[in-house]
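Asks: build me a model:
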Amino acid sequence: MDLKSFIRDIDDFPQQGVTFKDIIPLLLDANAMRKTSKMLFDMIGETKIDKVIGMESRGFFFAPLLADKLNAGFVPVRKPGKLPFEKISHAYGLEYGTDILEMHTDSILRGEKVLIHDDVLATGGTAAAVCKLVEQLGGEIVQCNFLIELEFLKGREKLSDYNVRSLLKY
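Replies: Residues are numbered from 1 along each chain as shown. Below is the predicted model of the structure:
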């Protein structure tokens, strides 16, 4: 199954000059979604994972599925103002601006093994910010796992200290 055939390009979204990789067609097809979940899981290998982090919002699609399959907890990382409990935050750059991510302070315990998952690795700013949050709480990042990597944006360079795996590369 060619998973790339389920990824739709949308030009000039969210702003002029950006081509958005829309994964909704993949999510709408049960077989494609099942195959994607299995392939993302297979990229992890035999490593014990305690927590799987998914970033708002499209990281929420597959991260809980991976957490379930790994018998691990799921940690949502959110944009400002969405988490009700004590939190830490980190500002980061996007390919088209800046943003802030937050995580509850009790999400990761010192020494826990963490898988970070998101739908797209672009400039690497989002994932790098989450890595900082995990390390601030004392977690050990086992892998940064992505559905799509936009290689021309060189986001992997910001994550050079980590094991980075991506399923589809553009």
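
Asks: ok now the helix or strand bottoming out on mean pLDDT in the chain, how far from the chain's centre?
Replies: Least confident element among the helices and strands of the chain, by mean pLDDT, DSSP states H and E: strand 87-94 (a mean of 86). For strand 87-94, the separation from the chain centroid amounts to 14 Å (computed by Cα atoms, centre = their mean, to the nearest Å).

Asks: then stretch 153-164?
Replies: That offset, for stretch 153-164, works out to 13 Å (Cα atoms, centre = their mean).

Asks: list the buried residues of that stretch.
Replies: Buried residues in stretch 153-164, counted by 16 or more other Cβ atoms under 10 Å: 153, 155-156, 158-159, 162, 164. Glycine gets a C-beta too; all of them are placed from N, C-alpha and C.

Asks: can you check stretch 131-141 too?
Replies: Using 16+ other Cβ under 10 Å as the test for burial, stretch 131-141 gives 131, 133-134, 137, 139, 141.

Asks: what about the closest residue to Pro76 other than its chain neighbours, how many neighbours?
Replies: Take Pro76 and drop its neighbours on the chain: the residue closest to it by Cβ to Cβ, 6 or more residues apart in numbering is Gly54, 6.0 Å away. Gly54 has 26 neighbouring residues, counting by other Cβ atoms under 10 Å.

Asks: do the same with Ile49
Replies: Residues lying near Ile49 (other Cβ under 10 Å) number 19.

Asks: does it touch Ile116 like I think?
Replies: No: assessed by Cβ atoms under 8 Å, Ile49 is found out of contact with Ile116, at 10.4 Å.

Asks: now the helices for this protein?
Replies: Taking DSSP state H as the test, the helices found in the chain are 24-28, 30-42, 63-70, 125-136.

Asks: pick the most deeply packed of those helices.
Replies: Highest mean neighbour count among the helices of the chain (mean count of other Cβ atoms under 10 Å): helix 125-136, with a mean of 21.

Asks: please enumerate the strands of this structure.
Replies: 8-11, 19-22, 51-55, 73-77, 87-94, 97-104, 113-121, 140-149, 164-169 (DSSP state E).

Asks: circling back: widest-spaced pair of the buried residues of stretch 153-164?
Replies: Leu153 and Tyr162 (16.7 Å; Cβ to Cβ).
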